[in-house]
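**Student:** just need the structure, nothing else, for what follows:
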Amino acid sequence: MNSGTEPYLSKALSRISGFWLVSICLLLAACGGVLVHQVDSPYSHIRVVDYGSRRAMVFDDQFVQTMIDLNEPQRLQHAYARAMMSGLLYADRPSSILLVGLGGGAFVRFLNHYFPDTRLDAVELDPVVVQVARDYFGTQEGPRTRIFTADGRDFLQRSSERYDLILLDAHLHPRETTDSTGHPLGMQTEAFYRSLHERLNPGGVVLFNLLEGDDARAYVPRIRSAFAGTEVLALPATRNLVVVARPHGPLPAEEVLAKRARDLDRRGDYGFTFEQLLKLRQRPS
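**Tutor:** The predicted structure follows:
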């Protein structure tokens with residue numbers, strides 16, 4: 001990658017929505033990516049491509065699922081991924097987190113680095129994705145991190161574990177079992193919402209990564225009807241919506257969130273600030 005291209009690419013990558021940007025592959029291809037690995041899975045064709053220090057997991061030659069910086073793999077590259085970390089504000093000092101949808105493991109790398117005392121379980125449907133994440137993105141189990149190869153919906157229904165924070169980032173290539181954005185239909189049912197309620201500790205919250213459009217316009221009201229407290233974070237220059245939901249009682253007050261954000265920002269340098277994340281909150285119309 002030449003030095004004239006890299007600043008433009010870095011700025012563009014900071015705006016990537018987590019999963020569904022068809023045009024991004026054309027941008028990356030123009031920057032002379034190097035194919036590191038490719039493999040077929042039951043769900044997609046997976047390629048690992050390097051663009052300078054950036055490594056991408058690309059699905060079906062169209063969709064960038066994960067992007068990391070090999071020099072700083074703990075830093076989140078996607079705006080939507082940073083917004084999902086606002087869950088650390090809504091759940092007060094969470095000691096247990098469930099991630100549904102592993103991808104290359106950017107969330108795992110971030111949480112393991114900055115919050116090493118947190119118990120983290122990650123669930124990924126595709127066993128090939130788990131292997132690629134381990135072999136090419138350095139994402140693996142640790143003393144307090146477990147990775148399960150399973151359907152996220154089934155895992156939630158079978159598990160007896162409880163969590164302070166659940167992050168839902170599960171998308172597939174659109175098919176008959178998903179909506180038009182690839183979000184599984186099985187994760188949009190009352191039974192699924194009940195399983196989320198049952199797996200959360202008191203005061204726990206769940207975050208949904210959605211994409212704007214007709215499906216999201218129908219999906220967000222269903223989430224609101226199933227949870228007592230909800231809030232939507234909208235990301236400028238992306239199609240992502242992050243919905244925060246709590247089963248019982250309202251979400252924390254603004255002054256509480258602001259104090260937690262200041263405390264976290266004093267604790268570390270994450271490549272973003274938690275105070276910035278609070279500015280993404282939408283007000284009810």
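**Student:** just the helices from the stretch 151-285 of the chain, written as ranges.
**Tutor:** Using DSSP state H, counting those that start in this stretch, the helices of the stretch 151-285 of the chain run over residues 152-158, 190-199, 214-226, 254-267, 274-278.
**Student:** no no, the stretch 1-150 of the chain
**Tutor:** Using DSSP H, counting those that start in this stretch, helices in the stretch 1-150 of the chain cover 6-13, 22-30, 79-84, 87-90, 106-114, 127-137.
**Student:** who's V48 bridged to?
**Tutor:** H37, M57 (DSSP bridges).
**Student:** shaky segments in this structure?
**Tutor:** Applying pLDDT under 70 to the chain flags the ranges 1-32, 171-186, 188, 215-216, 283-285.
**Student:** that older thread, please name whichever of the helices of the stretch 151-285 of the chain is nearest to D169.
**Tutor:** Distance to D169, taken as CB to CB, is lowest for helix 152-158 among the helices of the stretch 151-285 of the chain, at 9.6 Å. All C-beta atoms are positioned from the backbone trio N, CA, C, and that covers glycine.
**Student:** picking that back up, mean neighbour count added to the helices of the stretch 151-285 of the chain, as TSV?
**Tutor:** Formatted as TSV, the helices of the stretch 151-285 of the chain follow (neighbours: other CB atoms under 10 Å):
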stretch	mean neighbour count
helix 152-158	18
helix 190-199	16
helix 214-226	15
helix 254-267	14
helix 274-278	17
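**Student:** just the buried residues of the lengthiest strand in the chain, please?
**Tutor:** Longest strand in the chain by number of residues (criterion: DSSP state E): strand 200-211. Buried residues in strand 200-211, defined by neighbour count with 16 or more other CB atoms under 10 Å: L200, G204, V205, V206, L207, F208, N209, L210, L211.
**Student:** isn't V132 right next to Q38, touching?
**Tutor:** No: at 9.6 Å, V132 does not count as touching Q38 under the criterion of CB atoms under 8 Å.
**Student:** what is in contact with these two at once?
**Tutor:** The contact sets of V132 and Q38 overlap at I46, V48 (CB atoms under 8 Å, 6 or more residues apart in numbering).
**Student:** of these two, give the one with the bigger neighbour count.
**Tutor:** V132 (27 against 13; other CB atoms under 10 Å).
**Student:** grab the nearest non-local neighbour of the more buried one.
**Tutor:** I46 (5.8 Å; CB to CB, 6 or more residues apart in numbering).
**Student:** tally of neighbours for that neighbour?
**Tutor:** I46: 23 neighbours (other CB under 10 Å).
**Student:** for L167, list each beta-bridge partner.
**Tutor:** Applying DSSP bridges to L167, the residues it is bridged with are L99, L207.
**Student:** any idea how far A81 is from it?
**Tutor:** 10 Å (CB to CB, to the nearest Å).
**Student:** mutual contacts of these two, please.
**Tutor:** F107.
**Student:** include distance to T145 when you put the helices of the stretch 151-285 of the chain into a markdown table, please.
**Tutor:** Formatted as a markdown table, the helices of the stretch 151-285 of the chain follow (distance: least, CB to CB, whole Å):
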| stretch | distance to T145 |
| --- | --- |
| helix 152-158 | 15 |
| helix 190-199 | 18 |
| helix 214-226 | 28 |
| helix 254-267 | 20 |
| helix 274-278 | 22 |
